[in-house]
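Participant: Sequence first, then the predicted structure, then my questions.
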Amino acid sequence: QVQLVESGGGLVVPGGSLRLSCAASGFTFSSYAMSWYRQAPGKERELVAAIASPAGRAASADSVKGRFIISRDNAKNTLYLQMNSLKPEDTAVYYCNAKGVRIPTIGTDYWGQGTQVTVSS
């Protein structure tokens, strides 16, 4: 059974930091490209950051570049998002995503349940 379980969200003041984690199970984590998405109220889900399989190349959205860092620990089957210098506009539900990029997993797409991040004074 595939599971992606996010944790680490919460309420933080502007300028603060949070570290999100996504614990994966039920699939070969190192074979999947991993990403963080977010969805704010009334807005569409957007890609925040992504990291290649098994590791290395990473990219982030312009809105978070220089503030957020995505990383993965394949030994622990865990994805991370270090969020620094948080702004009120970072408030959203953050989702972990796994995409199959190797045969025969191409086309598979898994989502976590999301974790709420609220940035407010």
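Facilitator: Done, it's in. These figures come from a predicted structure and were not determined experimentally. Residues are numbered from 1 along each chain as shown.

Participant: going forward, measure contacts and count neighbours with C-alpha atoms only.
Facilitator: Fine.

Participant: Residue 77 is in contact with residue 5, correct?
Facilitator: No. Using Cα atoms under 8 Å, residue 5 makes no contact with residue 77, being 11.0 Å away.

Participant: From the centroid of the protein, which residue is nearest?
Facilitator: Geometric centre of the chain, nearest residue: residue 36, 2.5 Å, by Cα atoms, centre = their mean.

Participant: Mind listing the residues bridging to it?
Facilitator: residue 49, residue 96 (DSSP bridges).

Participant: From residue 12, how far out is it?
Facilitator: Separation of residue 36 from residue 12 (Cα to Cα, to the nearest Å): 19 Å.

Participant: Also residue 62?
Facilitator: 22 Å.

Participant: Neighbour count for those two, which is higher?
Facilitator: Legend: neighbour count by other Cα atoms under 10 Å for residue 62 and residue 12, higher for residue 12 (18 against 10).

Participant: What's the local residue count around residue 68?
Facilitator: Neighbour tally, residue 68, other Cα under 10 Å: 20.

Participant: do residue 27 as well
Facilitator: For residue 27, the number of neighbouring residues by other Cα under 10 Å comes to 16.

Participant: correct me, but it touches residue 74?
Facilitator: No. Assessed by Cα under 8 Å, residue 27 is found out of contact with residue 74, at 11.7 Å.
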